[in-house]
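*Asks:* What shape does this take:
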Amino acid sequence: MGTRTIEEDGWRLRKAASLVKLLALAPSHRLHRERVMDLLWPELGLKAASNNLRQALHVARRTLNPDPARASRHLVLPEEQLALGPEEHLWVDVDAFEEAAATARRGREPAAYRVALDLYAGELLPGDLYEEWAEGRRQELRQAFLSLLVELASIHEERGDFRPAVEVLRRAVAEEPTHEEAHVGLMRLYTLSERRGEALSQYERLREALSGKLGAEPDAATRRLREEIATGRLPSAQPPTVGPLPQEAGKHNLPATRSSFVGREREMVEVRRELAMTRLLTLTGTGGCGKTRLTLEVARELVGAYPDGVWLVELAPLSERALVPQALAAALGVQEQPERSLTDTLVDFLRKKKALLVLDNCEHLVDAVARLTDILLNSCPHLRVLATSRETLDVEGELNWLVPSLSVPRLRRPPTVGELEGYESVRLFVERAQYRNPAFSLTPENAQAVAKICKRLDGIPLAIELAAARVGFSVEQIATRLDDSLRLLTAGSRTASPRQRTLRGALDWSYDLLSKPERVLFARLSVFAGGWTLEAAEAVGSGKGIEEEDVLDLVSRLVDKSLVVVGTTAGGVVRYSATLTYKDNNGATIGNPVILTATTQCIVVG
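*Replies:* Just a heads-up that it's a prediction; the model follows:
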């Protein structure tokens with residue numbers, strides 16, 4: 001509900017939660033009150049069921065919104081019809097999944113199928129397994145999910161893409177071991193790929209699954225297919241005369257990849273799913289955490305899911321707010337018109353388009369980007385925006401997604417090579433080190449030093465790539481020199497922007513966007529090596545131009561701008577800290593030495 005999440009144990013009455021779930025699953029999110037009573041209290045008479053409904057309705061309203069004046073708007077009862085949020089923007093994952101599935105089937109694009117599959121959240125309402133009103137929809141959705149997998153595999157097979165087809169069907173079989181159509185598809189694909197032994201083994205797995213779970217045998221057509229494979233009568237595939245159909249060409253302006261994308265599998269799925277839940281998704285995080293690269297990888301996977309294209313607008317090179325509409329127009333190929341604002345021209349161009357705009361690096365132009373985005377989303381109902389920024393746009397309906405660092409090894413004991421290869425940060429370091437030195441590899445001798453580098457750099461991709469570029473040194477030498485990481489991590493690409501070429505550049509970019517009070521407080525907070533509480537920030541940060549009552553707002557702004565992170569201890573105490581790169585360097589490089597000295601002296605004296 002807005003920014004508030006209602007957990008399962010937050011419902012004082014179980015039937016109140018069931019009422020909301022029932023309406024969320026109903027067509028148009030409304031049901032006749034008598035139908036609701038029949039479904040929730042089938043064993044009761046009319047009067048008893050009516051009393052129970054009245055009580056459940058009251059509890060549900062108060063749970064959805066404690067304010068009585070607003071609670072009734074969430075659940076209304078006009079003309080004997082119960083309706084859920086009729087005057088509000090209501091997003092239900094089941095609706096989104098079914099809509100995405102229909103879109104995928106119309107367009108038959110693999111990217112659109114992936115979007116729909118990402119929206120399937122697993123078994124519907126697992127906490128209500130024995131509720132009859134949920135069972136029918138649960139099975140419908142499960143079968144729809146399995147059908148999408150089989151259809152996607154068929155599209156890949158038609159295009160000669162056997163490997164992704166196999167992966168998709170393996171997922172279907174893992175979800176439902178008795179799904180005969182998926183097993184048959186795998187048998188055929190293995191044979192077409194000259195893997196007859198695996199095809200015959202797949203048949204045996206199907207036979208065992210059917211016998212063990214259903215007491216049945218494969219049908220006659222499947223048995224005939226098995227015989228054709230065993231006797232060599234089903235030929236292998238001939239090399240396709242053409243490659244995969246180039247249907248996605250011309251529908252995007254995304255740059256080609258130049259290096260491997262390491263890890264982030266879970267994040268990719270989460271971002272695609274979150275984007276389906278909102279029309280504006282902003283990926284935020286500290287400088288160098290990989291916002292742009294993750295966004296571009298997601299955008300590439302979504303090409304084909306948007307009939308009117310996926311369009312990247314790079315904002316980092318811009319220095320003036322007035323240039324934002326021009327940058328968008330250039331990306332879309334829209335020409336300015338005389339005696340008309342460019343924003344109006346963009347609105348007309350995008351009004352009926354089903355497209356995705358990728359707005360990269362919004363933080364230094366956040367006000368102008370927010371205003372333009374707000375206008376476009378209000379006027380273009382099929383448009384979605386995926387943005388990256390070090391702070392949110394603060395536009396109505398925006399969903400913020402904080403980009404995490406890569407997984408890093410724990411240093412409680414010396415790690416093995418096999419253990420380290422499971423961490424994303426280590427894999428990135430090794431791959432990028434091999435770009436500079438092809439002979440480099442992870443060995444028992446250097447494993448501890450590599451683990452230390454990745455842990456010390458907090459899994460921040462930019463910092464790890466810059467460290468890997470120093471493999472002219474030994475990794476042990478790199479690890480021991482990280483105390484002066486601003487001097488060490490300066491070997492970025494010559495063609496990269498200054499903020500991506502060195503760690504200092506990334507820090508300075510963020511620092512330059514701060515107001516004067518924010519810079520002063522950030523510098524004063526650098527005296528804390530292990531994080532701080534709000535009370536400590538107020539004690540250290542106030543004075544000489546900053547009032548104590550202003551510290552909370554300033555700390556919140558530093559959090560919003562991805563310079564400070566907030567967490568809660570096991571005891572429930574809220575603590576703040578800078579990201580590791582800032583903790584190591586802000587006092588020496590981007591803080592004000594005079595302020596730091598004065599602050600430190602105050603702490604010692606006081």
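
*Asks:* what ranges do the helices span in the stretch 501-606 of the chain?
*Replies:* With helices called from DSSP state H, counting those that start in this stretch, the stretch 501-606 of the chain shows them at 503-512, 516-525, 534-541, 551-560, 580-585, 593-605.

*Asks:* which intervals of the stretch 351-500 of the chain have sub-threshold pLDDT?
*Replies:* Across the stretch 351-500 of the chain, the ranges flagged by pLDDT under 70 are 472, 481-500.

*Asks:* repeat for the stretch 151-300 of the chain
*Replies:* Scanning the stretch 151-300 of the chain with the threshold set as pLDDT under 70 gives 235-250.

*Asks:* Name the helix or strand for Leu359, please.
*Replies:* strand 356-360 (DSSP states H and E).

*Asks:* Okay, now the sheet partners of that strand, with direction.
*Replies:* Sheet pairing of strand 356-360 (DSSP bridges) gives strand 310-314 (parallel), strand 384-389 (parallel).

*Asks:* in the helix or strand just after it, what's buried?
*Replies:* As assigned by DSSP H and E, the chain's next helix or strand after strand 356-360 is helix 366-379. Neighbour-count burial for helix 366-379, with 16 or more other CB atoms under 10 Å as criterion, is recorded at 366, 368-374, 376-377. To be clear about C-beta, it is placed using only N, CA and C from the backbone, and glycine gets the same treatment.

*Asks:* can you put those in TSV and add distance to Phe162?
*Replies:* Formatted as TSV, these follow (distance: CB to CB, whole Å):
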residue	distance to Phe162
Val366	46
Ala368	48
Val369	43
Ala370	46
Arg371	49
Leu372	44
Thr373	41
Asp374	46
Leu376	41
Leu377	41
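
*Asks:* What segments of the stretch 301-450 of the chain are helices?
*Replies:* Using DSSP H, counting those that start in this stretch, the helices of the stretch 301-450 of the chain run over residues 324-332, 342-350, 366-379, 417-420, 424-436, 447-456.

*Asks:* Tell me which of those helices approaches Leu39 most closely.
*Replies:* Leu39 sits nearest to helix 366-379 of all the helices of the stretch 301-450 of the chain, at 37.1 Å, using CB to CB.

*Asks:* list the helices and strands the closest one packs on?
*Replies:* Secondary-structure packing of helix 366-379 (3 or more CB pairs under 8 Å, 6 or more residues apart in numbering; DSSP states H and E): helix 324-332, helix 342-350, strand 356-360, strand 384-389.

*Asks:* which residues touch that helix?
*Replies:* With contact meaning CB atoms under 8 Å, 6 or more residues apart in numbering, helix 366-379 is reached by 279-280, 315, 321-322, 324-325, 328, 343, 346-347, 350-351, 357, 359, 362, 383, 385, 387, 389, 391, 393-397.

*Asks:* can we see that at 6 Å?
*Replies:* Residues from elsewhere that reach helix 366-379 (CB atoms under 6 Å, 6 or more residues apart in numbering): 279, 321, 324-325, 347, 362, 383, 385, 393, 395.

*Asks:* Between which two of those residues is the distance greatest?
*Replies:* The span of these, defined through CB to CB, is set by Arg279 and Arg321 at 22.7 Å.

*Asks:* Among the two, which residue is more densely surrounded?
*Replies:* Arg279 (20 against 15; other CB atoms under 10 Å).

*Asks:* For that one, which residues are in contact?
*Replies:* Counted by CB under 6 Å, 6+ apart, Arg279 has contacts 377, 384.

*Asks:* which one of the strands paired with strand 356-360 has the most crowded surroundings?
*Replies:* Greatest average neighbour count among the strands paired with strand 356-360 goes to strand 384-389 (a mean of 25), per mean count of other CB atoms under 10 Å.

*Asks:* Spit out the contact partners of Gly136.
*Replies:* Under the criterion of CB under 6 Å, 6+ apart, Gly136 has no neighbours.

*Asks:* And for Thr103?
*Replies:* By CB under 6 Å, 6+ apart, Thr103 lies in contact with Ala112.

*Asks:* Check the protein and tell me which residue is nearest its centre.
*Replies:* Val271 (1.9 Å; CA atoms, centre = their mean).

*Asks:* Please look at that one and Glu297 and confirm they touch.
*Replies:* No: Val271 lies out of contact with Glu297 (CB atoms under 6 Å); the separation is 9.0 Å.

*Asks:* Residue ranges of each domain in the chain, please.
*Replies:* With domains defined by automatic domain parsing, the chain comprises 8-84, 93-230, 265-402, 417-504, 514-605.

*Asks:* end-to-end on the second one?
*Replies:* Length of domain 93-230, first residue to last, CA to CA, to the nearest Å: 44 Å.
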